[in-house]
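1. For reference, the sequence and a predicted model appear below.
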Amino acid sequence: MSGIKNLFVFLTEYDQSIRIEYRMFNVMCLIAVLTVAASIPFTIFIGLHSTSLILLAMLLALMFIYFLARFRRRYTLAILLVATCVPALLCVNFFYSAGIMGSTLPSLVLTLFLVLIVIGRKFSILLTAICLISGMVIIATEYFHPELLAHTVINRRSIYIGTAYTHLFSVCVIFFGIYHLRRIYYKEKMASDHRATQLELINEEKNKLFSIVAHDLRAPLASIQGYMQLLKVYDIQSDERETMESKLTEALSGTQQMLDNLLSWSRSQLTSMTAVLGAHRMVTILTPMLQMQQAMALEKGLTFDVTLPEEVGAYCDADMLQLVVRNLLGNAIKFTPVGGSVRFIAEQGKNDCLLIVTDTGIGIPAEKSSTIFSLKTKSTFGTDNEKGIGLGLYLCKEYTLLQNGKIWFEQNKVQGTTFYVSLPLTPAAPQTS
């Protein structure tokens with residue numbers, strides 16, 4: 001079955017990148033070629049030898065039209081040839097296949113039906129006019145000049161067989177044409193509905209993010225403005241100044257990480273993100289960032305432990321990995337109360353490098369476990385009212401997958417959460433989940 005499907009895809013260029021009417025035109029041309037090819041031996045069998053020659057000419061014309069459409073993509077020219085050549089050949093065939101008693105007129109109507117399915121309005125009006133006028137002309141010609149009909153001996157049995165054959169083929173072709181059209185229509189409709197749903201979700205997430213960012217940027221900026229105004233009006237004591245500057249630094253640090261995440265997310269939406277992978281030692285690319293996170297943890301009153309052997313390495317993107325670990329540690333610090341602990345461990349296994357971030361924080365509620373790595377998760381305040389926008393873990397997953405890695409988490413038995421990031425030691429195939 002797969003071989004037949006692949007052959008059908010090849011013959012009809014059934015590709016989503018090709019416009020639907022062009023794909024349908026290829027299908028209809030293929031149906032017409034097969035129908036005419038099957039009719040030639042039948043007309044020879046019932047004694048219509050002249051008709052078989054006309055059908056042979058029509059078959060060659062249809063094959064050429066199919067070649068233009070499928071392989072040269074000259075659809076406009078192919079449609080014009082169908083609108084002119086096929087009705088002309090059918091009109092000639094009318095005088096060699098018993099005239100009005102034959103099957104030419106039903107074939108002309110069937111041709112009109114098949115082509116109208118796939119062509120635009122401008123061409124449909126032209127083809128309808130051609131078929132209508134040519135049909136009336138040949139009927140009137142036979143009526144006023146019956147001597148123009150070829151004197152082919154056709155008995156009553158042949159007429160009935162020909163009519164039955166035309167009826168059978170017409171019904172089958174109409175059925176398969178409509179069936180295929182409906183199939184393509186519903187497939188395109190489902191794809192369109194899916195795209196609309198995705199766009200709606202993305203738009204909702206965008207609105208949510210911008211509203212959160214606008215709100216959260218206002219607070220630190222207002223604090224800085226208030227601090228500068230105080231400096232102008234009052235002579236602030238050094239100890240009070242240090243306290244205020246410490247609070248401002250903490251607020252700006254959280255705002256900086258929020259903006260970093262937002263910029264990374266917007267860049268991934270605007271461009272196709274690719275990882276620049278290479279062999280890196282963890283101690284080289286993570287130590288500066290770990291020192292900054294350690295300072296933040298100590299300032300909050302947390303214990304911060306790091307286990308980072310010199311020999312641990314991975315095949316990764318240095319910038320992406322820094323963002324992943326920074327977000328995981330930032331979340332651990334954010335959701336761990338004063339007096340708790342945060343620990344970072346790097347281990348090198350036989351086939352991968354395992355990075356572990358564990359804390360004694362408040363943990364992850366069960367109802368959020370399934371959406372923790374998606375944009376569906378809502379931002380929450382930390383134990384010291386730290387604020388985020390819900391992008392961190394989503395970016396962690398996206399960037400980990402781009403590095404051919406895996407990320408997951410577990411709830412600790414006693415308290416807190418542990419996140420794991422597994423990265424390959426050598427180039428590997430991308431992960432999909």
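-> On my side now, so go ahead.

2. Local confidence estimate at the residue lying farthest from the centre of the chain?
-> Of all residues in the chain, Glu147 has its C-alpha farthest from the mean position, at 62.7 Å, by Cα atoms, centre = their mean. Looking at Glu147, its pLDDT is 82.

3. helix, strand or coil for it?
-> Judged by DSSP: H, G, I helix; E, B strand; the rest coil, the three-state class of Glu147 is helix.

4. Then Ala279?
-> Counting by three-state DSSP, the backbone at Ala279 sits in strand.

5. What sits closest to it if chain neighbours are left out?
-> Tyr315 (5.6 Å; Cβ to Cβ, 6 or more residues apart in numbering). Just so you know, the C-beta spots here come from the backbone N, C-alpha and C atoms, and that holds for glycine as well.

6. Phe335 too?
-> Closest to Phe335 by Cβ to Cβ, 6+ apart is Gly361, at 4.0 Å.

7. helix, strand or coil for that neighbour?
-> Taking three-state DSSP, the label given to Gly361 is coil.

8. List the residues that contact it.
-> Ala332, Phe335, Thr336, Pro337, Gly340, Thr383, Gln415, Gly416, Thr417 (Cβ atoms under 8 Å, 6 or more residues apart in numbering).

9. Need phi/psi at it.
-> The phi and psi values for Gly361, taken as degrees, to the nearest 10, are phi -80, psi -160.

10. Let me see the confidence value for it.
-> 89.

11. what sits up against the helix or strand containing Ala140?
-> Using DSSP states H and E, Ala140 maps to helix 121-144. Helix 121-144 has contacts (Cβ under 8 Å, 6+ apart) with 79-80, 82-84, 87-88, 90-91, 94-95, 99-100, 104-105, 108-109, 111-112, 115-116, 119, 148-149.

12. do that again at 6 Å, thanks
-> Ile79, Ala83, Pro87, Cys91, Phe94, Gly99, Ile100, Leu108, Leu112, Val115, Leu116 (Cβ atoms under 6 Å, 6 or more residues apart in numbering).

13. Neighbour-wise, which one of the residues you listed leads?
-> Phe94 (29 neighbours; other Cβ atoms under 10 Å).

14. quick one: that residue from Gly102, how far?
-> Remark: distance between Phe94 and Gly102 (Cβ to Cβ, to the nearest Å) = 7 Å.

15. And Lys189, by the same measure?
-> Counting by Cβ to Cβ - Lys189 and Gly102 are separated by 40 Å.

16. Check Leu53 too.
-> Distance from Leu53 to Gly102, by Cβ to Cβ: 15 Å.

17. Give me the more crowded residue out of these two.
-> Gly102 (24 against 15).

18. and the closest residue to the more buried one other than its chain neighbours, what pLDDT?
-> Once flanking residues are discounted, Gly102 sits nearest to Gly162: 6.6 Å by Cβ to Cβ, 6+ apart. Looking at Gly162, its pLDDT reads 72.

19. Pass me the low-pLDDT residue ranges in the chain, would you?
-> Along the chain, the parts satisfying pLDDT under 70 run over 1-18, 120, 150-155, 205-223, 227, 230-234, 236, 246-273, 375-390, 428-433.

20. what residues go with each domain of it?
-> Per automatic domain parsing, the structural domains of the chain span 2-198, 276-424.

21. Please tell me how far the residue positioned nearest the centre of the chain sits from Glu21.
-> With distances taken as Cα atoms, centre = their mean, Arg195 lies nearest the centre of the chain, 7.8 Å away. As defined by Cβ to Cβ, Arg195 lies at a distance of 19 Å from Glu21.

22. Also Gln403?
-> 42 Å.

23. who has more neighbours, the two?
-> Gln403 (24 against 15).

24. How about that one, nearest residue that isn't a chain neighbour?
-> Gln403 sits nearest to Cys316 (Cβ to Cβ, 6+ apart), 4.8 Å away.

25. quick one: secondary structure of the residue nearest to Ala279?
-> Taking three-state DSSP, the label given to Tyr315 is strand.

26. That one reaches Ser422, doesn't it?
-> No. Using Cβ atoms under 6 Å, Tyr315 is not in contact with Ser422, being 11.8 Å away.

27. Mutual contacts of these two, please.
-> Joint contacts of Tyr315 and Ser422 (Cβ under 6 Å, 6+ apart) do not exist.

28. where along the stretch 201-350 of the chain do the helices fall?
-> 238-270, 282-300, 318-334 (DSSP state H, counting those that start in this stretch).

29. Show me which positions of the last one end up buried.
-> What it means is helix 318-334. 318, 320-334 (16 or more other Cβ atoms under 10 Å).

30. What about Asp359, how many residues nearby?
-> Asp359: 27 neighbours (other Cβ under 10 Å).

31. For it, name its beta-bridge partners.
-> Val342 (DSSP bridges).
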